[in-house]
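Provided below for reference: sequence and predicted model.
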Amino acid sequence: MSDPLALSARIIDSGSDSGERTNRINGELSELAPGIAMVEAFGHVVAFDTGAGLLVFDTSSVRSGGQAVTALRTWRDVPVDTIVFTHGHLDHVGGAAAFLDDAVKRGDPKPRIVAQANVARRMARYDLTNGYNAIINARQFGTTRLTEFRQERFMTGFVRPDFEFEEHAGLRIGGLTVRLRHALGETDDHTWAWVPEHRAICSGDLLTWVFPNAGNPQKVQRYPGEWAAALREMIALEPELLLPAHGLPISGRARIRLVLDEVATALEGLVDEVLRRMNAGERLDAIVAAVKVPESMLQRPWLRPVYDEPEFVVRNTWRLYGGWYDGNPANLKPAPERELAGEVAAMSGGPARLAARAEALSAEGQHRLACHLVEMAALAAPGDGAIQRSRAAVYEARAGTESSLMARGIFLSAATESREAVGEGG
Ligand SMILES: [Zn+2]
């Protein structure tokens, strides 16, 4: 496996990844500088040897925490002093139990766990929304066994932080100074860290080498403008080493500035344009259709919309600054969608006609329209097997044209739902 800093330098200097993976989930440890290591996983674990134990950023997921600990132990045989959660997503906090087990096994003191105060609030929210989170994760990651996954529970039993801060915190561990800074961005509980002795930044998920997860359709509010502001604060510190929790680490002030600036610029462009149009009184529908990120930016290896995508960030920006009302008065207190679908189906000659038109539009590449019509057909005649098959086909075709995992996951799960309804699931 190639050196991740050399790989990122080659990609940034050429502006192209030539198809090479930037999110390498291989569980391998690389020493990036004397006393700094990264385990590339989902997500990464970053460790500093402070001279008085290890300082660790994130613990990876439940599934890969143990592997990350094993990798770290090939590098250093000293206690873990402190673990910082960059935020409370499961791929960052889920592996914490493996780190605590390691300390018990070695007879070390329990590592201190540090996080921004909203991490504990998130964990409490996860307990309130366990079923919902199990469902949306099944959808987001596009499982083909929907019913089965819905019965699985989302993670519980989190390892909670024992040192919390709100806006800033400073740590001194061995020979290292660590300045922790709260940021809104992908989440409301993000921490990024500046380690001046190494001119290094641990950026958590504020850089992920894909288009920022600032729109996620199924999850709580994200903060694209504040995200960009955090990236600008990082640039101002002139870091020489950037250690993200996904994707490749980056060395060199100019490379770091280039990447962070482009990501910030993409987010700022969306937020500014949405606000301008909101202030001019446009409807959400018009704004969604009009506001884009230039295609040339989306081709950059750190901005590809393969996970989240700009259209979802537009909606999230509307939700952040406005409300859920989209400006269409019919949507304020709408008729039940099944009743509307029944009316439209009756006018067009029945649900089967709607489904047939949907398939024709799908074949012409008019996927947005096709999905509306097939959804109405299925709502008007939910027990009709032929219509369920049409619905599955239309959403499968749609999924095939989408770049983001989030869109594909939702469309494929709709297809799965219909396949399962006619006994073709799994
Ligand atoms: Zn993550």
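All right, it came through fine.

Select the longest helix from the protein.
helix 253-279 (DSSP state H).

mind listing what's buried in it?
Across helix 253-279, burial judged by 16 or more other C-beta atoms under 10 Å covers 253, 255-260, 263-271, 273-275, 277-278. C-betas here are computed from N, CA, C, even on glycine.

Check stretch 366-383 too.
Neighbour counts over stretch 366-383 (16+ other C-beta under 10 Å) mark 367, 370-381 as buried.

Most widely separated two among those residues?
By the measure C-beta to C-beta, 367 and 381 form the most distant pair in the buried residues of stretch 366-383, at 21.5 Å.

Would you mind giving the domain segments of the chain?
Following automatic domain parsing, one gets these domains for the chain: 4-265, 335-421.

can you list the ones you listed in a markdown table and add distance to residue 316 and mean pLDDT?
Formatted as a markdown table, the domains of the chain follow (distance: least, C-beta to C-beta, whole Å; pLDDT from 0 to 100):
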| stretch | distance to residue 316 | mean pLDDT |
| --- | --- | --- |
| domain 4-265 | 5 | 94 |
| domain 335-421 | 12 | 97 |
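
Adding distance to the ion, write the ones you listed out as JSON lines.
Shown next, in JSON lines, are the domains of the chain (distance: least, C-beta to the ion, whole Å):
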{"stretch": "domain 4-265", "distance to the ion": "4"}
{"stretch": "domain 335-421", "distance to the ion": "13"}
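
Mind putting those domains into TSV with distance to residue 298?
Shown next, in TSV, are these (distance: least, C-beta to C-beta, whole Å):
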stretch	distance to residue 298
domain 4-265	7
domain 335-421	8
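
Helix, strand, or coil at the closest residue in space to residue 4 that isn't next to it in sequence?
Nearest non-adjacent residue to residue 4, counting by C-beta to C-beta, 6 or more residues apart in numbering: residue 248, 4.9 Å away. Of the three states, residue 248 takes coil according to DSSP: H, G, I helix; E, B strand; the rest coil.

how far away is residue 248 from residue 21?
For residue 248, the distance to residue 21 (C-beta to C-beta, to the nearest Å) stands at 9 Å.

which one of the two has more residues nearby?
residue 248 (31 against 13; other C-beta atoms under 10 Å).

ok, the residue of the stretch 251-400 of the chain found nearest the ion - how many residues close by?
In the stretch 251-400 of the chain, the residue found nearest to the ion is residue 307; the distance is 9.9 Å by C-beta to the ion. Residues lying near residue 307 (other C-beta under 10 Å) number 20.

what's near enough to touch it?
Residue 307 makes contact with 208, 210, 211, 213, 404, 405, 406, according to C-beta atoms under 8 Å, 6 or more residues apart in numbering.

For PyMOL, write a command that selects the buried ones of those.
To isolate the buried subset of these in PyMOL, counting by 16+ other C-beta under 10 Å, use the following:
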select buried, resi 208+210+211+213+404+405+406
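
Dump the strand or helix carrying residue 370 to PDB, restricted to CA.
Per DSSP states H and E, residue 370 falls inside helix 367-380. Output of helix 367-380 as PDB, limited to C-alpha atoms (Å, rounded to 0.1, in the frame of the first residue of the first chain):
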ATOM      1  CA  HIS A 367     -36.200  10.200 -14.200                       C
ATOM      2  CA  ARG A 368     -37.500  12.900 -11.900                       C
ATOM      3  CA  LEU A 369     -40.900  13.000 -13.600                       C
ATOM      4  CA  ALA A 370     -41.000   9.200 -13.900                       C
ATOM      5  CA  CYS A 371     -40.600   8.800 -10.200                       C
ATOM      6  CA  HIS A 372     -43.500  11.100  -9.400                       C
ATOM      7  CA  LEU A 373     -45.800   9.300 -11.700                       C
ATOM      8  CA  VAL A 374     -44.900   5.800 -10.600                       C
ATOM      9  CA  GLU A 375     -45.100   6.800  -7.000                       C
ATOM     10  CA  MET A 376     -48.600   8.100  -7.600                       C
ATOM     11  CA  ALA A 377     -49.600   4.900  -9.400                       C
ATOM     12  CA  ALA A 378     -48.400   2.800  -6.500                       C
ATOM     13  CA  LEU A 379     -50.100   5.000  -3.900                       C
ATOM     14  CA  ALA A 380     -53.400   4.800  -5.900                       C
END
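
who touches the spatially closest residue to residue 411 that is not a sequence neighbour in this structure?
Distance criterion C-beta to C-beta, 6+ apart; nearest residue to residue 411, sequence neighbours excluded, is residue 399 at 4.0 Å. By C-beta under 8 Å, 6+ apart, the contact set of residue 399 is 142, 407, 408, 411, 412, 415.

repeat for residue 298
211, 304, 305, 310.

Farthest-apart pair in these, please.
Distances among the contacts of residue 298 were taken as C-beta to C-beta; the most separated pair is 304 and 310, at 11.3 Å.

okay if I get the contacts of residue 307 as JSON lines plus secondary structure and distance to residue 83?
Shown next, in JSON lines, are those (DSSP: H, G, I helix; E, B strand; the rest coil; distance: C-beta to C-beta, whole Å):
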{"residue": "208", "secondary structure": "coil", "distance to residue 83": "20"}
{"residue": "210", "secondary structure": "coil", "distance to residue 83": "25"}
{"residue": "211", "secondary structure": "coil", "distance to residue 83": "29"}
{"residue": "213", "secondary structure": "coil", "distance to residue 83": "23"}
{"residue": "404", "secondary structure": "coil", "distance to residue 83": "31"}
{"residue": "405", "secondary structure": "helix", "distance to residue 83": "28"}
{"residue": "406", "secondary structure": "helix", "distance to residue 83": "29"}
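
Can you tell me which of the contacts of residue 307 is nearest residue 343?
Using C-beta to C-beta, residue 406 comes nearest to residue 343 of these, at 31.3 Å.

surely that closest one meets residue 214?
No: Residue 406 lies out of contact with residue 214 (C-beta atoms under 8 Å); the separation is 11.5 Å.

Need the residues touching each of these two.
Counting by C-beta under 8 Å, 6+ apart, the residues touching both residue 406 and residue 214 are 308, 312.

out of the domains of the chain, nearest to residue 324?
domain 4-265 (11.5 Å).
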